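Asker: return atomic coordinates for the entry below.
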Amino acid sequence: MSVTPQAARPNLSRAGAPGQDVLGPGTPRISVVAPAHNEEANIDRLVQEVHDALAPRGISFEFIVVDDGSTDSTRAKVHALMNDRPWLRCVAMTRTPPGKGNGQSAAFHAGFRATRGEYVAVLDADLQNDPAEIPAMLDLLLAQRADMVQGDRSHARKDNAIRKVGSWVGRVFRKLLLGDTIRDTGCSLRLMKREIAVQLPLEFRGMHRFIPVTARHLGYTVVEMPVKHRARIAGVPKYGLGIMQRAIPGLIDCFAVRYMRNRRRAVSSVEVPRDGAGA
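Answerer: Presented below is the predicted three-dimensional model:
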């Protein structure tokens, strides 16, 4: 999908210096994706923080907010901000349950397929992830010649004992069943090549927790980077509430991912030319 020619795009207001086109011509370097369900109180600051993290570095970008069945003014707020921000886009999930969303995995699936960037950065819309860390992730990915950088909040989280035990059990089962050594697979803050993002089977509920290990199963290099974990300042958690609501389904999902991994087959192919060369 092509980006609107620079001459046809309006100048930025508030989002950047007058006359400065942050997105730039051609393909943006980074597409930032954030799923949002009833996050009206966080949208303004979220959009500004994404801009402030990338624009001063001269990184061409777009920001896609995925409205996952919000019943508040989340979508309206994003739409209003789009007026003078050509780099801001909104993808709205359809066929969502009344009053609910289709879930984080489905929202990522929709958002990733809307991206146009060389790389895809992911973060939650609740402001607990800091967009200012995305440039450092890009630097690390390039320095390590990696394909994905996964955020690790484990050093910064202040979880209670029950949550810590639940996280430890989850890591043990993922390692035993999947060989997954990622410390904080639940951290949404990550950066990856777009080719990875569009291969992930995120149409299945709960698969967002297995993004790093699935990337490794596909043959990509994944490295980890310590990141901040900020307290939520507005709204309430929407995804993954409760230890028991996550532990049992998470264990079942581990077996499902192991089953799918063993049945995955290569789907790469080349077309045979008409002159018969290479046939």
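Asker: neighbours around the spatially closest residue to Ser73 that is not a sequence neighbour, how many?
Answerer: Setting aside the residues directly before and after it, Ser73 is nearest to Glu40 in space (CB to CB, 6 or more residues apart in numbering), at 4.5 Å. All C-beta spots, glycine's among them, are computed from the backbone N, C-alpha and C. Applying the criterion other CB atoms under 10 Å, we find 18 residues in the vicinity of Glu40.
Asker: wait, is Glu40 part of a strand?
Answerer: No. Counting by DSSP: H, G, I helix; E, B strand; the rest coil, Glu40 is not found in a strand; it is coil.
Asker: I'd say it and Arg75 touch.
Answerer: No. In this structure, Glu40 is not within contact of Arg75 by CB atoms under 8 Å, at 9.1 Å.
Asker: related to what we said a few turns ago, and the pLDDT for the residue nearest to Ser73?
Answerer: At Glu40, the predicted lDDT confidence score is 96.
Asker: what does His109 give?
Answerer: His109 carries a pLDDT score of 96 in this model.
Asker: next, the contact list for it, please.
Answerer: Under the criterion of CB atoms under 8 Å, 6 or more residues apart in numbering, the contact list for His109 reads 200, 202-203.
Asker: only the buried subset of those, as a PyMOL command please.
Answerer: Typed into PyMOL, the next command selects the buried ones out of those (criterion: 16 or more other CB atoms under 10 Å):
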select buried, resi 200+202
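Asker: three-state assignment of the closest residue to Glu39 other than its chain neighbours?
Answerer: Residue nearest to Glu39 in three dimensions, not counting chain neighbours: Ala125, with 4.4 Å by CB to CB, 6+ apart. Three states are possible here, and by three-state DSSP the one that applies to Ala125 is coil.
Asker: Ala125 and Arg45 touch, don't they?
Answerer: No. Ala125 is not in contact with Arg45 according to CB under 8 Å; the separation is 10.3 Å.
Asker: comparing the two, which residue is more hemmed in?
Answerer: Neighbour count, other CB under 10 Å: between Ala125 and Arg45, Ala125 has more, with 28 against 12.
Asker: list the contacts of the more buried one.
Answerer: With contacts defined as CB under 8 Å, 6+ apart, Ala125 is in contact with 34-36, 39, 42-43, 46, 65.
Asker: could you rerun that using 6 Å?
Answerer: Neighbouring residues of Ala125 by CB atoms under 6 Å, 6 or more residues apart in numbering: 34, 36, 39, 42, 46.
Asker: in JSON lines, list those residues along with neighbour count.
Answerer: What follows is these, written out as JSON lines (neighbours: other CB atoms under 10 Å):
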{"residue": "Ala34", "neighbour count": "28"}
{"residue": "Ala36", "neighbour count": "28"}
{"residue": "Glu39", "neighbour count": "27"}
{"residue": "Asn42", "neighbour count": "23"}
{"residue": "Leu46", "neighbour count": "26"}
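Asker: closest one of the residues you listed to Ser154?
Answerer: Checking these against Ser154 with CB to CB, the nearest one is Ala34 at 21.8 Å.
Asker: how far away is the closest one from Gly103?
Answerer: Distance check for Ala34 against Gly103: by CB to CB, to the nearest Å, it reads 15 Å.
Asker: got it, and Val33?
Answerer: In this structure, Val33 and Gly103 are 15 Å apart, going by CB to CB.
Asker: ok, Gly219 next?
Answerer: When CB to CB is the yardstick, Gly219 and Gly103 sit 27 Å from each other.
Asker: compare those two (neighbour count), which wins?
Answerer: For the pair Gly219 and Gly103, the greater number of neighbours falls to Gly103 (25 against 9), based on other CB under 10 Å.
Asker: tell me the pLDDT of the spatially closest residue to that one that is not a sequence neighbour.
Answerer: Ranked by CB to CB, 6+ apart and with sequence neighbours excluded, the top spatial neighbour of Gly103 is Arg205, at 5.4 Å. The score at Arg205 is 84. That number is its pLDDT.
Asker: how many neighbours does Arg205 have?
Answerer: Arg205 has 13 neighbours, counted by other CB under 10 Å.
Asker: secondary structure element for it?
Answerer: Counting by DSSP states H and E, no helix or strand carries Arg205.
Asker: quick one: pLDDT of Gly58?
Answerer: pLDDT for Gly58: 95.
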